[in-house]
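Colleague: Provided below are the primary sequence and the corresponding predicted coordinates.
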Amino acid sequence: MADLLRPSVAIAAKDFLIEWRSRTALLSATVFAALVLVVFNFARDPASLSPVVLAPSVLWVTTTFAAMLTLNRAFMLERENEAGEALRLAPISPNAVFLGKYLANLAFVGVVDLVVLPLFVLFFNVDFGGVLLGLIGVIVLANLGFIAVGTLSSAMAVRTRFAELMLPVLLLPFLIPPLIGAVQATTRILAHRPLSELMGWLRLLGLYDIVFFTVCLLVFPSVSDE
Amino acid sequence: MQTSPPENGQYMLAAYIVVALIVGRYALRLLQKGWRETHRGS
Amino acid sequence: MIGSLAGSHRVIRNGMVITGIALAAMVGVYCLALLATPVEAHQGLAQKIVYIHAPAAWSALLSFSIVGIVSGLYLWLRDPRLDLFAEASADVGLVFSVGMLTTGPIWAKPIWGTWWTWDARLTLTLFLFFIFLGYRALRGAVQDRAERARFAAVIGILGMILVPFIHLSVYLFRTIHPQPILLKPSAPSLPPEMLRTLLASFGGFTLLYVGLVSVRYGLGLANEIREGGDAD
């Protein structure tokens, strides 16, 4: 277990350090998310649709699309200077590479979400008193699963032609269950419904996380091996 | 209580024609390719 | 490693025979459904769309399940023939899904009064279709043959696992699709003449899948042998 965790934390730390020095990907993803929020606000008829009705969908479309942008970066990084080759030759298991990239992606998407959430509350006039914790919980729960699939898909996508296009085409169908679950749970949280009404959705999200994290971890070696 | 069935035969025809066109065309193209492959150069 | 050209030609020839029989059977099914099956009293002639829609859906799901299973086997055994078979099955599955996705709305318009609803099974099949479009796009975008096979297999497996999740999530959302009429444990709710037509159509479509996938697989095999017989 330690053999798996130590190198993966090292990889995640390396990615985070590289990103922290330039901050390009993180910054552009955040700006992108903010812009999408603004665009959404104007892409509705203000007379017939109040922002609160639209809020859960906007939150999730924005965060998932921003997440997709950051996911592209994970393995793109390793394309420079044949770094991916070095990573493959290093005496660590491919599962550790997956876990490292997964942790880094979780952190990046987490940072983007941390910026989006206040903007969302600000722009959409959400009354978040008492719901913030629940909202963050749902975001974490939804991210855990789809970032696992996203990490795996981006590992494949970077090695194809049209990598930037391939990732969304592969990944979007896999976003449907977490997206539906997260939007439904968010709607109920924002409406201050009792916890029992969202248990079904939370269970779905949890199950998705467990199943897809496990499967992605297990099949990742076949993506990276030669 | 007997009522006469609704008149919607045109939908039925459309569906049957669409399937025949899509699946049939694909099948015929595969048969053509298969024929050409097996009769190549002989 | 993947056999001789003659072997692949044998597969193609067998497939062509099966496809021929299946096409003849389908002509029979069309005649049976259109001419010899009674009209349903409430839904009218449009109800007969079910005789081709449900079997097309069955063939599509069959193709995609086989892609998932064969993909798993490929990652385990690394036999290039398994990869070629998965490719063939995905290709045929896409054709059947187009048939299913076009006849569905044509049936739904007169019966439900709307071309499309976001019902559980509709959404499921639509996304299955999208996954396999992505599968095909991925295959086209990877240069290296072994890499292409591995990547495609991974998506094949993930797609198979995704299906129950989409079903569950949209089912929780809401559903109005008619429940399976055939597999009810009590008595099938269809009159015998209609059941006979439906079963015949299921048989025809299944046979068509077997024939088409054999021809497609044989063609891929022959292509592979001709292009890079020494590569493996």
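Modeller: In hand now; what should we look at? Numbers count the residues shown, from 1 in each chain, chains lettered A, B, ... in the order given.

Colleague: For chain C, what lies in contact range of chain A?
Modeller: C:75, C:123, C:127, C:130-131, C:133-134, C:137-138, C:141-143, C:147, C:150-151, C:153-155, C:157-159, C:161-162, C:165-166, C:168-170, C:172-173 (C-beta under 8 Å from any C-beta of the partner chain). Any C-beta I mention is one placed from the backbone N, CA and C, and that applies to glycine too.

Colleague: Could you find the closest non-adjacent residue to C:A153?
Modeller: Nearest non-adjacent residue to C:A153, counting by C-beta to C-beta, 6 or more residues apart in numbering or on different chains: C:S71, 3.9 Å away.

Colleague: Tell me how far the one you found lies from A:L218.
Modeller: Distance of C:S71 to A:L218, computed by C-beta to C-beta, to the nearest Å: 14 Å.

Colleague: which ones are touching C:T102?
Modeller: C:T102 makes contact with B:15, B:18-19, B:22 under the criterion C-beta atoms under 8 Å, 6 or more residues apart in numbering or on different chains.

Colleague: Also near chain C: which of those residues, exactly?
Modeller: B:15, B:18-19, B:22.

Colleague: Near B:R40, how many residues? Count them for me, please.
Modeller: 11 (other C-beta atoms under 10 Å in any protein chain shown).

Colleague: and the gap between C:Q43 and C:V142?
Modeller: 46 Å.

Colleague: Output stretch B:14-21 as PDB, nothing but the C-alphas.
Modeller: Provided in PDB are the C-alpha atoms of stretch B:14-21 (Å, rounded to 0.1, in the frame of the first residue of the first chain):
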ATOM      1  CA  ALA B  14     -42.000   5.000 -42.700                       C
ATOM      2  CA  ALA B  15     -40.400   2.900 -40.000                       C
ATOM      3  CA  TYR B  16     -40.400  -0.300 -42.100                       C
ATOM      4  CA  ILE B  17     -38.800   1.600 -45.000                       C
ATOM      5  CA  VAL B  18     -36.200   3.300 -42.800                       C
ATOM      6  CA  VAL B  19     -35.100   0.000 -41.300                       C
ATOM      7  CA  ALA B  20     -35.000  -1.700 -44.700                       C
ATOM      8  CA  LEU B  21     -32.900   1.200 -46.100                       C
END
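
Colleague: Give me the buried positions along it.
Modeller: Across stretch B:14-21, burial judged by 16 or more other C-beta atoms under 10 Å in any protein chain shown covers B:14-16, B:18-19.

Colleague: quick check: mean pLDDT across the host helix or strand of C:I106?
Modeller: Using DSSP states H and E, C:I106 sits in helix C:80-112. For helix C:80-112, mean pLDDT is 92.

Colleague: Please identify which of C:S71 and A:L218 sits among more neighbours.
Modeller: Per other C-beta under 10 Å, whichever of C:S71 and A:L218 has more neighbours is C:S71, with 29 against 13.

Colleague: who are the neighbours in contact with the more buried one?
Modeller: C:S71 neighbours (C-beta under 8 Å, 6+ apart): C:82, C:86, C:152-157, C:160.

Colleague: SS state for it?
Modeller: Taking DSSP: H, G, I helix; E, B strand; the rest coil as the rule, one finds C:S71 in the helix state.

Colleague: Show me the helices in the chain, by range?
Modeller: Assuming you mean chain A. When secondary structure is read from DSSP state H, chain A shows helices at A:2-22, A:24-42, A:51-76, A:83-89, A:94-123, A:132-157, A:163-190, A:199-224.

Colleague: switch to chain C, that's the one I care about
Modeller: Listed in chain order, the helices of chain C (DSSP H) span C:5-35, C:50-77, C:80-112, C:120-141, C:145-173, C:192-228.

Colleague: Tell me the predicted confidence for residue 3.
Modeller: If you meant another chain, say so; for now it's chain A. Listed pLDDT for A:D3 reads 75.

Colleague: my question was about chain B
Modeller: The model's pLDDT for B:T3 equals 63.

Colleague: same check, this time on the one 3 residues further on
Modeller: Listed pLDDT for B:P6 reads 78.

Colleague: re earlier: looking at the helices of chain A, which has the lowest confidence?
Modeller: helix A:83-89 (a mean of 73).

Colleague: residues in contact with that one?
Modeller: Contacts of helix A:83-89 (C-beta under 8 Å, 6+ apart): A:11, A:75, A:77-78, A:94, A:97, A:224-226.

Colleague: is it true that C:G3 touches C:L221?
Modeller: Yes. Contact criterion C-beta atoms under 8 Å: C:G3 and C:L221 qualify, at 6.9 Å.

Colleague: Which one's more surrounded, these two?
Modeller: Of the pair C:G3 and C:L221, C:L221 is the one with more neighbours under other C-beta under 10 Å, namely 25 against 15.

Colleague: From what I see, that one and C:H9 are in contact.
Modeller: No. Using C-beta under 8 Å, C:L221 is not in contact with C:H9; the gap is 9.2 Å.

Colleague: is it true that A:F75 touches A:L152?
Modeller: No. Contact criterion C-beta under 8 Å: A:F75 and A:L152 do not qualify, at 10.2 Å.

Colleague: picking that back up, tell me which two of the buried residues of stretch B:14-21 sit farthest apart.
Modeller: Using C-beta to C-beta, the pair of these lying farthest apart is B:A14 and B:V19, separated by 9.8 Å.

Colleague: May I have the residues that are in contact with the nearest residue to C:A41 once chain neighbours are set aside?
Modeller: In space, and not counting its chain neighbours, C:A41 is closest to B:P5: 5.6 Å by C-beta to C-beta, 6+ apart. B:P5 sits next to C:39-45 when contact means C-beta under 8 Å, 6+ apart.

Colleague: Can you say which of the residues you listed are buried?
Modeller: Among the contacts of B:P5, the ones that count as buried by 16+ other C-beta under 10 Å are C:40, C:43-45.

Colleague: quick one on the thing from earlier: quick check, nearest of the contacts of C:T102 to A:L141?
Modeller: Distance to A:L141 across those (C-beta to C-beta) is lowest for B:I22, with 41.1 Å.

Colleague: Tell me who's in contact with the closest one.
Modeller: Applying C-beta under 8 Å, 6+ apart to B:I22 gives the contacts C:95, C:98-99, C:102.

Colleague: One more pass at 7 Å, please.
Modeller: Residues near B:I22 by C-beta atoms under 7 Å, 6 or more residues apart in numbering or on different chains: C:95, C:98-99.

Colleague: Need those residues in a markdown table (columns: neighbour count and distance to A:G134).
Modeller: Listed next are these as a markdown table, based on neighbours: other C-beta atoms under 10 Å in any protein chain shown; distance: C-beta to C-beta, whole Å:
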| residue | neighbour count | distance to A:G134 |
| --- | --- | --- |
| C:V95 | 23 | 46 |
| C:V98 | 18 | 42 |
| C:G99 | 27 | 44 |
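
Colleague: any chance of those residues in a markdown table, with distance to A:R6 too?
Modeller: Formatted as a markdown table, the contacts of B:I22 follow (distance: C-beta to C-beta, whole Å):
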| residue | distance to A:R6 |
| --- | --- |
| C:V95 | 50 |
| C:V98 | 50 |
| C:G99 | 53 |
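
Colleague: Give me every residue in chain A that's in contact range of chain C.
Modeller: Residues of chain A lying close to chain C by C-beta under 7 Å from any C-beta of the partner chain are A:149, A:156, A:159-162, A:166, A:169-170, A:173-174, A:176-177, A:180-181, A:200, A:204, A:208, A:211, A:215, A:219, A:222-223.

Colleague: In ChimeraX, how would I select just the buried ones from those residues?
Modeller: Burial among those is assessed by 16+ other C-beta under 10 Å; the matching ChimeraX selection reads:
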select /A:149,156,159,160,166,169,170,173,174,176,177,180,181,204,208,211,215,219,222,223
